[in-house]
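[1] quick check, what structure comes out for this input:
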Amino acid sequence: MTGSEEPPSFRLAYVPGVTPSKWVRIWNERLPDVPLTLATVSAAQAPDVLRAREADAGFVRLPIDRTDLSAIPLYTETTVVVVPKGHLVAAVEEVSADELADEIVLHPLDDTLDWERPPGRAALERPATTEDAVELVAAGIGLLVVPQSLARLYHRKDLTYRTVTGVPESRIALSWAEEEVTPDLVEEFIGIVRGRTVNSTRGRTPTPPQPKQKRADRGGAPRKAAAGKSSGKTAGKSGGKNARGGAAAPKSGAKRAKPRRRP
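    The predicted structure is shown next:
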């Protein structure tokens, strides 16, 4: 490598609410020589960051403008309503959008849900950010409907949240700038997110299988007798004893000595 060449690295962007730590850990285990840097971007900024090549890939919230971008949907989040702990909604497990009709529901400018019409009554002004809206909920100004991960991200001890039915849900996707050939490092990260193993044919170069060694007693040379031991036939001949441990019987051709008479 010449002095003008930069070592490889991977830049990953992600929107608030996404936790990329699991995938980053796997990346560091598989590619320890390729540093991965993280950058938090707003949901509205994420597509432009990827198009400008300011990040190699990013976790975004759908829907987005897919012009010049590829995207793989990963999962869908539950939608919840954030309320003060003493609110009536806090006493139930879930509510429908219709049950929020009489409530003031805040609609921040960075809202990520694809509404046709937000539930409830609109506030006089729209908060600039979701984080600002959470502060207004704590002040008793209204309620807030958001993806569950954002309710967790901006959690306060004096607030809680409950599932809302009959409303849009936020989808998380992995996205990158569209090219004729997907860069190798982007393909690596796609494989990690999709759960491919290190030896996957679409991931890194697979490790060739090792040939199995043949056992010596199968199709090879016969086993040698262990040292200090002999076969049963040899032991029978050389030991001078029969199979029951007694003296070996004389051969049929041998002559017997006649007993001597007493005088």
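
[2] and the pLDDT at the spatially closest residue to Pro118 that is not a sequence neighbour?
    Of all residues not flanking Pro118 in the chain, His107 sits nearest, at 4.9 Å (CB to CB, 6 or more residues apart in numbering). (C-beta placed from N, C-alpha, C; glycine too.) We have a pLDDT of 97 for His107.

[3] roughly how far does the residue most central in space within the chain sit from Leu12?
    Nearest to the mean C-alpha position of the chain, counting by CA atoms, centre = their mean, stands Gly195 at 5.5 Å. Using CB to CB, to the nearest Å, we find Gly195 at a distance of 17 Å from Leu12.

[4] check Gly86 too.
    From Gly86 over to Leu12 (counting by CB to CB), the distance is 40 Å.

[5] between these two, which one's more packed in?
    Leu12 (19 against 10; other CB atoms under 10 Å).

[6] quick one: residues contacting that one.
    20, 24, 36-39, 55-59, 189 (CB atoms under 8 Å, 6 or more residues apart in numbering).

[7] in which helix or strand does Val18 reside?
    Under DSSP states H and E, no helix or strand contains Val18.

[8] show me what contacts it?
    Shown in contact with Val18 (CB under 8 Å, 6+ apart): 59, 149, 172.

[9] repeat for Val186
    56-57, 176.

[10] can you give me the helices in the protein?
    Taking DSSP state H, the helices of the chain run over residues 21-30, 46-51, 130-138, 148-153, 184-193, 232-239.

[11] and of these, who's closest to Glu93?
    Nearest to Glu93, of all these, is helix 148-153, at 13.8 Å by CB to CB.

[12] the residue lying closest to Ser9 once chain neighbours are set aside: neighbour count?
    In space, and not counting its chain neighbours, Ser9 is closest to Pro35: 5.0 Å by CB to CB, 6+ apart. For Pro35, the neighbour count with other CB under 10 Å is 13.

[13] now do Val193
    18.

[14] where's it relative to Thr163, distance?
    Counting by CB to CB, the gap from Val193 to Thr163 is 26 Å.

[15] same check, this time on Tyr14
    24 Å.

[16] quick one: Val82 from Phe189, how far?
    32 Å.

[17] compare the two (neighbour count), which wins?
    Using other CB under 10 Å, the more surrounded residue of Val82 and Phe189 is Val82, with 27 against 23.

[18] setting aside sequence neighbours, what's the nearest residue to that one?
    With CB to CB, 6+ apart, the residue lying closest to Val82 is Leu144, at 4.3 Å.

[19] the residue nearest to Ser9 against Phe10, yeah?
    Yes - in this structure, Pro35 is within contact of Phe10 by CB atoms under 8 Å, at 7.4 Å.

[20] leaving out sequence neighbours, find the closest residue to Pro20.
    Closest to Pro20 by CB to CB, 6+ apart is Tyr14, at 5.2 Å.

[21] circling back to that earlier point, need the pLDDT of the residue nearest to the centre of the chain.
    Value listed for Gly195 in the pLDDT field: 91.

[22] what's the answer for Thr2, then?
    51.
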